[in-house]
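Colleague: Okay, here's the prediction I keep looking at, along with the sequence it came from:
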Amino acid sequence: MKSWKKRGAIVVGGVAVIGIAAALVLNALNSNIALYVTPTDVVAGKSPKGQAFRIGGMVKDGSVRRDNLTVHFVVTDMAHDIPVSYTGILPDLFKEGKGAVVQGRLTPTGDFTASEVLAKHDENYMPPEAKHALDKAQKAKDAAKPATTESAAKVAP
């Protein structure tokens with residue numbers, strides 16, 4: 001075999017090895033990605049199908065219920081609620097009325113089965129995406145409120 005053919009074979013082999021390595025790395029990264037979705041997006045059907053993702057919002061007051069090792073609670077963005085079930089140990093700072101981010105999958109019944117509940121060291125922590133979604137939902141809720149009789153009386157002559 002001539003030297004230029006040997007060099008060509010080495011280059012082709014090197015490109016093939018690099019291509020296979022890149023495909024493996026991209027596949028591993030793709031399988032570990034967990035998108036952040038708000039409860040409003042889940043209700044609207046914008047959540048990934050058959051894939052793990054994260055939901056963030058507030059733990060609704062009065063919604064935490066325990067069945068042995070499974071904890072059931074509701075995550076809300078003040079516009080829509082998503083029921084969540086989680087089997088495992090919750091972070092110490094997990095409380096009703098506080099922010100939470102849960103990672104898992106949506107069941108066919110519309111419930112969310114969490115594989116992980118995420119918390120930060122600060123009990124007042126809220127992910128920026130969750131804070132933005134809560135603010136947006138609150139503004140939409142305030143805009144949708146009908147005018148009260150007092151404000152209607154002030155406007156009328």
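Modeller: Thanks, I have the structure now. Just so you know, these numbers come straight off a predicted model, no measurement behind them. Residues are numbered from 1 along each chain as shown.
Colleague: Now do the same for the lengthiest helix in the chain: mean pLDDT, whole number.
Modeller: The residue-count maximum for a helix in the chain (DSSP state H) belongs to helix 3-31. Across helix 3-31, the average pLDDT comes to 88.
Colleague: Which stretches in this structure count as strands?
Modeller: 35-37, 53-59, 65-67, 70-76, 81-87, 99-106, 112-118 (DSSP state E).
Colleague: Skipping its backbone neighbours, what lies nearest G50 in space?
Modeller: Once flanking residues are discounted, G50 sits nearest to R105: 7.7 Å by Cβ to Cβ, 6 or more residues apart in numbering. Yep, even glycine has a C-beta here, placed from its N, CA and C like the rest.
Colleague: how far does the longest helix of the chain sit from the chain's center?
Modeller: Between the centre of helix 3-31 and the centre of its host chain there is 35 Å, according to Cα atoms, centre = their mean, to the nearest Å.
Colleague: what's that helix packed up against?
Modeller: Here helix 3-31 touches no other helix or strand, going by 3 or more Cβ pairs under 8 Å, 6 or more residues apart in numbering; DSSP states H and E.
Colleague: between the strands of the chain, which gets nearest to D135?
Modeller: Of all these, strand 53-59 sits nearest to D135, with 11.7 Å by Cβ to Cβ.
Colleague: Could you report the distance from the most centrally placed residue in the chain to V117?
Modeller: Closest residue to the average C-alpha location of the chain: R54 at 2.0 Å, with Cα atoms, centre = their mean. R54 sits 10 Å away from V117, going by Cβ to Cβ, to the nearest Å.
Colleague: Need the overlap of contacts for these two.
Modeller: Common neighbours of R54 and V117 are listed as 101-103 (criterion: Cβ atoms under 8 Å, 6 or more residues apart in numbering).
Colleague: May I see the ChimeraX selection of the buried members of these?
Modeller: With 16 or more other Cβ atoms under 10 Å as the criterion, this ChimeraX line picks the buried residues out of the shared contacts of R54 and V117:
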select :101,102,103
